[in-house]
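A.B. asks: sharing a model prediction with you, sequence too.
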Amino acid sequence: INDTHFAFFLHDLSKGKDSTATYSSGAGTYKLKGDQYSENLEYCSDRAWEGNSFNFTIVIKGDTLIQSGVEKIEKEGIDRLNIEKYVKLKN
């Protein structure tokens with residue numbers, strides 16, 4: 001996350017060599033106002049997600065950021081609660 005954009009990727013640890021093989025990525029712009037965070041997904045390895053916006057609430061507790069909200073893409077039948085937890089790396 002920088003001043004205007006976010007990016008993510010999900011990559012398995014088995015280097016694609018077993019049933020956990022997965023890779024996905026995406027990026028776009030975001031807005032943050034108070035505890036309300038919205039992502040505008042411009043690019044995604046799953047193209048059906050591109051061009052969609054998602055709204056989340058964020059909570060910061062010490063070194064941990066928790067992001068939660070509903071990801072909904074009606075035309076794809078996607079309607080799910082997404083909760084992500086990020087912990088700041090220690091030096």
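C.D. replies: Yep, that arrived.
A.B. asks: from here on, contacts and neighbour counts on C-alpha atoms
C.D. replies: Fine.
A.B. asks: how far away from the center of its chain is stretch 60-80?
C.D. replies: Between the mean C-alpha location of stretch 60-80 and the chain-wide mean there is a distance of 7 Å, by Cα atoms, centre = their mean, to the nearest Å.
A.B. asks: need the contact partners of that stretch.
C.D. replies: Residues outside stretch 60-80 that contact it (Cα atoms under 8 Å, 6 or more residues apart in numbering) are 48-49, 52, 54-59, 81-88.
A.B. asks: 7 Å instead?
C.D. replies: The contact list for stretch 60-80, computed with Cα atoms under 7 Å, 6 or more residues apart in numbering, reads 54-59, 81-88.
A.B. asks: apart from its chain neighbours, what residue comes closest to residue 29?
C.D. replies: Here the nearest residue to residue 29 in space, its sequence neighbours aside, is residue 5; by Cα to Cα, 6 or more residues apart in numbering that works out to 4.3 Å.
A.B. asks: right, and that neighbour touches residue 30 too?
C.D. replies: Yes. Distance between residue 5 and residue 30: 5.8 Å, which falls inside the contact criterion (Cα atoms under 7 Å).
A.B. asks: the more surrounded of these two?
C.D. replies: Set side by side, residue 5 and residue 30 show more neighbours around residue 30, with 19 against 14, by other Cα atoms under 10 Å.
A.B. asks: quick check: beta-bridge partners of that one?
C.D. replies: When bridges are taken as DSSP bridges, the partners of residue 30 come out as residue 39.
A.B. asks: so how far is residue 61 from it?
C.D. replies: Counting by Cα to Cα, to the nearest Å, the separation of residue 30 from residue 61 is 21 Å.
A.B. asks: run a quick neighbour tally on the residue lying closest to residue 16 once chain neighbours are set aside.
C.D. replies: Among residues not flanking residue 16 along the chain, residue 22 sits closest, at 6.8 Å (Cα to Cα, 6+ apart). Number of residues near residue 22 (other Cα under 10 Å) recorded here: 14.
A.B. asks: residue 42 now?
C.D. replies: Residues lying near residue 42 (other Cα under 10 Å) number 15.
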